[in-house]
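# give me a 3D structure for the following:
(one chain, ligands or ions: 1)
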Amino acid sequence: MSISNNQRKIATMFFIICFMLFLTSCTNSSDFDSLLSIHMIDVGQSESILIIAPNGNTILIDAGDEVSGRKVVRYLKKRKIDDIDVMIVTHPHSDHIGGVEAVANKYVIDKFFMPDITHNTETFEGLLQVLEEHNIDVSFGKKNMRMRIDDNLYLFLLSPIKNHSDNLNNWSIVAKIQYNEKSFLFTGDAEHELEMDLIEKYGASFLRSHVLKIGHHGSNTSTTEQFLDIVQPNVALISVGKENPYGFPHREVINRLISRNILIYRTDEQSNIVILSDGFEIWSYDAPWFH
Ligand SMILES: [Zn+2]
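Next comes the predicted model:
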């Protein structure tokens, strides 16, 4: 009896090891080659998202804060990235632009988009200097922009839509990726005013996205019931720092997601998160956050 128990234990261990080896082999970057991969890099209470198209073209949305710039570079190296084809800085707050210098020091950035709004901070002045030093050609992101990234894979820039005066979060460049049948929405720090602008301008069928990067680190100023009901995501991504002073993600937002059975991935609980798609299915080797 004890032998068969032992045998069962050994068999179980063997199964677990095989399964782990299988997962490890699946998560080698070479296995991402024919897929779209979305990487939410764990940059604490800031944000940086790497997107790699099946043809290897790369998009980097934000670069984290100054402290985490090096972390972003390390991640890009780990993924064997050669250059950044499109970089989007969603808006001029330091938790989104602070790491641009570290990235620009190591990588050629082909196209650089930022909203046409300035900010009176040292970090923003520093960004302008870095762009000049590296001769990076800056374009202002705006509504109704579309770029082809790969076969059947398009990047849309949906905003800024209108003047939001000194609310920089609502100047965020919201970006959408459409790959065959699947779509992915990246909202920067958009708050409910911009969410309403998006609904009014683009409507439900265009905004519907399978994966939604939750706006403003899960703040209750974003991710309204109305926006969720329009976008109808299956998966939510939240970039947020452990025990951050703002109490992000706010409980109301988490409750809105849970009540709609949306799978939640968050960097404070799970560190780096990778989502994969072949344009018809979406999956991850990381389990969603267990709440
Ligand atoms: Zn932010």
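# and for residue 133, the neighbour number?
11 (other Cβ atoms under 10 Å). (Glycine included, C-beta is placed from N, CA and C.)
# so who does the closest residue to it other than its chain neighbours touch?
Counting by Cβ to Cβ, 6 or more residues apart in numbering, residue 133 lies nearest to residue 104, which is 8.0 Å off, once chain neighbours are set aside. Residues near residue 104 by Cβ atoms under 8 Å, 6 or more residues apart in numbering: 130, 131, 133, 134, 136.
# in PDB, list the C-alpha atoms belonging to whichever strand or helix holds residue 178.
Assigned by DSSP states H and E, residue 178 belongs to strand 175-179. Extracted in PDB, the C-alpha atoms of strand 175-179 (Å, rounded to 0.1, in the frame of the first residue of the first chain):
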ATOM      1  CA  ALA A 175      -4.500  52.900 -28.900                       C
ATOM      2  CA  LYS A 176      -6.200  49.900 -30.300                       C
ATOM      3  CA  ILE A 177      -4.700  46.800 -31.900                       C
ATOM      4  CA  GLN A 178      -6.800  44.800 -34.300                       C
ATOM      5  CA  TYR A 179      -5.300  41.400 -35.300                       C
END
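# what's that strand in contact with?
Under Cβ under 8 Å, 6+ apart, the answer for strand 175-179 is 36, 38, 51, 59, 61, 88, 149-150, 152-158, 183-186, 206-207, 209, 277, 279.
# helices or strands up against the helix or strand hosting residue 51?
Assigned by DSSP H and E, residue 51 belongs to strand 49-52. Secondary-structure packing of strand 49-52 (3 or more Cβ pairs under 8 Å, 6 or more residues apart in numbering; DSSP states H and E): strand 36-40, strand 58-61.
# would you list these in CSV and tack on mean neighbour count?
Listed next are these as CSV, based on neighbours: other Cβ atoms under 10 Å:
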stretch, mean neighbour count
strand 36-40, 23
strand 58-61, 24
